[in-house]
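In: have a look at this prediction, sequence included:
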Amino acid sequence: MNAANNDYHQLEKRLRVHFRQPELLEKALTHRSWLNEHRQKTTTSNERLEFLGDAVLELWSSSRLYALFPQYPEGQLTNIRSALVRTQTLALAAKKLHLGKYLRLSRGEEKTGGRQNPSLLENTFEALIGAIYADQGIEAAFKFLDRQLLAKLKLFGKKGNIKDAKTIFQEIAQERMKITPHYQILASQGPEHQKIFTAGAFLETKLIAKGQGHSKREAEEAAAKKALTIFKKQSRISNKKNA
């Protein structure tokens, strides 16, 4: 079992950010599970910084997309932004910065591969954004995001109309049935630091499919993917009957 790397100077060099308040960086790297084993510590977890970073990320991605792609309508910009802020993209950005090495985790989270957990890495990356904003303001946070994500944002933008499963399912359901899908979290299981959420994709009151993930967003996306599979199968059956 590997302990967290506490050499934050090396990390700051990689981030190209020198924190005026080093405790903010430490907090951004502190998972809730670590606090369960260090109750005597006065620090808090990275959850509040994650909340802040999520808002900064949305503002940055929205403003950059608005400036870069004036020809795209609102719906297309939203789809591209959704592709950028999904778990896989942010987890990859966290891995490139080696954030997993610096995470403060419980022994249990460590044993179950928490340093490579995509959802956990996504949350840590957002907490880091929040920490930079809290330490140095919006300009520094935007410069950091330009370095880490602007190339990816431009790539997604050039691809054009990127759609996630929830968007595609919504379009199909509205076209075929004039109904907008909605989602509910049906269950959550596991310890607080390692929850698995189960989401349901509904058309009115009818449950179409269920999906699971380490975050509510992940679970809803998984449910939408399964709902699309069901719709495609139904479409193939219908086409055979009408052939």
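Out: Sure, I can see it.
In: every contact and neighbour count from this point should use C-alpha atoms.
Out: Noted.
In: what ranges do the helices span in this protein?
Out: In chain order, the chain shows helices spanning 8-15, 22-28, 32-36, 47-68, 74-84, 87-96, 99-102, 107-111, 118-136, 138-159, 165-177, 216-242, with DSSP state H as the criterion.
In: so for the fourth one, mean pLDDT?
Out: By that I understand helix 47-68. Regarding helix 47-68, the rounded mean pLDDT is 96.
In: how far away is the closest residue to residue 48 other than its chain neighbours from residue 141?
Out: Leaving aside its sequence neighbours, residue 48 sits nearest to residue 127 (Cα to Cα, 6 or more residues apart in numbering; 7.6 Å). Using Cα to Cα, to the nearest Å, residue 127 is found at 11 Å from residue 141.
In: those two - which one has more neighbours?
Out: residue 127 (28 against 23; other Cα atoms under 10 Å).
In: got the contact list for that one?
Out: 28, 29, 46, 47, 48, 49, 50, 51, 52, 53, 54 (Cα atoms under 8 Å, 6 or more residues apart in numbering).
In: burial count for residue 191?
Out: When neighbours are counted by other Cα under 10 Å, residue 191 registers 10.
In: check residue 24 too.
Out: Other residues within reach of residue 24 by the criterion other Cα under 10 Å amount to 21.
In: where's it relative to residue 198, distance?
Out: For residue 24, the distance to residue 198 equals 32 Å [Cα to Cα].
In: show me the shaky parts of the protein.
Out: Flagging of the chain using pLDDT under 70 yields the residue ranges 1-5, 40-42, 161, 193, 234-243.
In: at 50 instead, please
Out: 1, 236-243 (pLDDT under 50).
In: what's the domain layout of it?
Out: The record, using automatic domain parsing to delimit domains, assigns the chain the ranges 8-159, 165-242.
In: give me the most central residue, this protein.
Out: Geometric centre of the chain, nearest residue: residue 87, 3.6 Å, by Cα atoms, centre = their mean.
In: who touches that residue in this structure?
Out: Contact criterion Cα under 8 Å, 6+ apart gives 118, 119, 122, 218 as the residues in contact with residue 87.
In: list the contacts of the last one.
Out: Under the criterion of Cα under 8 Å, 6+ apart, the contact list for residue 218 reads 87, 212.
In: separation between it and residue 74?
Out: The span separating residue 218 from residue 74 equals 23 Å under the rule Cα to Cα.
In: also the first one?
Out: In this structure, residue 118 and residue 74 are separated by 29 Å, where distance is defined by Cα to Cα.
In: neighbour count: these two, which is higher?
Out: Of the pair residue 118 and residue 74, residue 118 is the one with more neighbours under other Cα under 10 Å, namely 20 against 10.
In: returning to that earlier point: roughly how far apart are the residue nearest to the centre of the chain and residue 202?
Out: 23 Å.
In: on that earlier part again, of the contacts of residue 127, buried ones?
Out: Buried by 16 or more other Cα atoms under 10 Å: 28, 29, 46, 47, 49, 50, 52, 53, 54, out of those.
In: my guess is the last one meets residue 128, correct?
Out: No. Shown here, residue 54 and residue 128 do not form a contact pair, counting by Cα atoms under 8 Å, at 9.9 Å.
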